[in-house]
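Trainee: below are the sequence and a predicted model for it; my questions follow.
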Amino acid sequence: MKRLAAGWLFKKTVWKYVAAALLLVIAPWTAAQDYPSRPVRIVVPFAAGGPADVYARFIATRLQEALGQGFVVDNRPGAGSVIGTDAVAKSPADGYTLLLMSNAHTVNESLIPNKPFQLMRDFLPVAALNYSDLVLVTRSGLPVNDLAQLIALAKSKPGALSYASSGPGTPYHMAGELFKAMAGVSILHIPYRGSAGARTDVLGGQVDMMFDAVPTMVEHARAGKVKAIATTGLTRSAVTPEVPTVAEAGVPRYEATIWLGLMAPRGTPAAVVDRLNAEVVKIVSNPEVVRAWKAQGATPMAMKPAEFTRYMNEDIEKWARIVKISGAKADQ
């Protein structure tokens, strides 16, 4: 009898642990199937109206249609994206608070080392959205017509030419620093509080050049108000196919784009991350979305979480090198 009782207790204990193990396996899957059961907030740590905000609202609308729950965009700008990003880092890791991030975040890993979070420590990459090329334009009166002439002029007058940006650490600023490093030129950086002021002064001839969004500058270039010298992707922009890339015009392997993605607080269930990723990949791969974004100068990025993680780590390393070489500071 004692042996029978011991055997029964052993089997009962074994099944108890088996059941617990099954629950550990099934619970995340069940949570993903039920997700989302209430509205999801997408924090955009940039001002309303910019590209990040526009694409966040687009993705929010499509996710709401696909998943049957509200996806609400919450703009939390400030401190070069740090304020909104920190708010997400401190949010519950349940999939109901997401971060709309850009490569400004990968730059900030080295540009602002003492911020209260670390991107790859405190967040999980969920899905990439798209990337957009920039265009290098010069004021109309600058005596250059192509990239070779611009580089030659910059080398003949070190520090005499200037380029505007929308602020320290922005993709527009770092595109300029990457160009300086790879072309071997010295050009003065003049930061502004946003693109509007920078653009106005280049159009007005007060600053020599800037890297700016292709759709924003293309009409000014075609009207002769600025000169479109080169675009910053690896291939020519569909919006300005007549303009060569920086890489093909004289600085091999140069690439500097603005890209966007979604992240979640570290600890968010993998099943939830995978479900969000699957839905985003469907959205950005939709032929209608591909065509619409192409007309706007944006190219979809369909990546699994692991691939997106590798992409981000490589981007962090790339900009860390440029921050070190240039000596760029967050308050420059």
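Mentor: Happy to help now that I have it. None of these values were measured; they are calculated from a predicted model.

Trainee: burial measure for residue 56, as a count.
Mentor: 26 (other Cβ atoms under 10 Å). Heads up, the C-betas are built off the backbone N, CA and C, glycines and all.

Trainee: you'd agree it is up against residue 42?
Mentor: Yes. Using Cβ atoms under 8 Å, residue 56 is in contact with residue 42, at 5.5 Å.

Trainee: where does pLDDT dip in this protein?
Mentor: Across the chain, the ranges flagged by pLDDT under 70 are 1-32, 331-332.

Trainee: try it again at 50.
Mentor: Residue ranges of the chain with pLDDT under 50: 18, 21-22.

Trainee: which parts of it are helices?
Mentor: When assigned using DSSP state H, the helices of the chain occupy the ranges 2-34, 51-67, 82-89, 103-111, 119-122, 147-156, 171-183, 195-203, 214-222, 246-249, 270-285, 287-295, 305-326.

Trainee: for the fourth one, name the packing helices and strands.
Mentor: With contacts defined as 3 or more Cβ pairs under 8 Å, 6 or more residues apart in numbering; DSSP states H and E, the secondary structure elements packing on helix 103-111 are helix 119-122, helix 171-183, strand 257-265, helix 305-326.

Trainee: out of the ones you listed, nearest to residue 244?
Mentor: Evaluated over the helices and strands packed on helix 103-111, closeness to residue 244 peaks at helix 171-183, with 14.2 Å, by Cβ to Cβ.

Trainee: quick one: that closest one to helix 305-326, angle?
Mentor: Helix 171-183 and helix 305-326 are oriented at 70 degrees to each other (axes from the mean of the first three to the mean of the last three Cα atoms, to 10 degrees).

Trainee: so how far is helix 171-183 off the chain centroid?
Mentor: Centroid separation for helix 171-183 versus its chain: 17 Å, with Cα atoms, centre = their mean, to the nearest Å.

Trainee: and that helix with helix 147-156, angle?
Mentor: 80 degrees.

Trainee: tell me the contacts of the residue most central in space within the chain?
Mentor: Closest to where the C-alpha atoms of the chain average out (Cα atoms, centre = their mean) is residue 102, at 2.1 Å. Neighbour list for residue 102: 46, 52, 81, 171, 258, 259, 260, 261 [criterion: Cβ atoms under 8 Å, 6 or more residues apart in numbering].

Trainee: mind listing what residue 315 touches?
Mentor: By Cβ under 8 Å, 6+ apart, residue 315 lies in contact with 103, 106.

Trainee: can you start the count at 343 instead of 1 from here on
Mentor: All right, first residue 343 from here; so that's residue 657.

Trainee: next one: it from residue 600, what distance?
Mentor: Per Cβ to Cβ, to the nearest Å, residue 657 is found 12 Å from residue 600.

Trainee: intersection of neighbour lists for the two?
Mentor: Common neighbours of residue 657 and residue 600 (criterion: Cβ under 8 Å, 6+ apart): residue 445.

Trainee: circling back: overlap in contacts of residue 398 and residue 384?
Mentor: In contact with both residue 398 and residue 384: 415, 442, using Cβ under 8 Å, 6+ apart.

Trainee: follow-up on the earlier one: quick one: which of the contacts of residue 444 is nearest residue 480?
Mentor: Distance ranking of the contacts of residue 444 against residue 480, using Cβ to Cβ, places residue 513 first at 18.8 Å.

Trainee: please compute how far stretch 394-410 lies from its chain's middle.
Mentor: Chain-centre distance of stretch 394-410: 16 Å, with Cα atoms, centre = their mean.

Trainee: I meant stretch 487-506, not that one.
Mentor: Taking mean C-alpha positions (Cα atoms, centre = their mean), stretch 487-506 and its chain are 29 Å apart.

Trainee: ok, now stretch 540-550?
Mentor: The answer for stretch 540-550 is 26 Å, by Cα atoms, centre = their mean.

Trainee: can you dump the C-alpha atoms of it in CSV for me?
Mentor: The C-alpha trace of stretch 540-550 is given here as CSV (Å, rounded to 0.1, in the frame of the first residue of the first chain):
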residue,chain,number,x,y,z
ALA,A,540,17.0,75.8,-41.9
ARG,A,541,15.1,75.5,-45.2
THR,A,542,14.2,79.1,-45.2
ASP,A,543,17.8,80.2,-44.8
VAL,A,544,19.1,77.9,-47.6
LEU,A,545,16.4,79.2,-49.9
GLY,A,546,17.3,82.7,-48.9
GLY,A,547,21.0,82.2,-49.5
GLN,A,548,22.1,82.7,-45.9
VAL,A,549,23.4,79.1,-45.7
ASP,A,550,25.2,77.2,-48.4
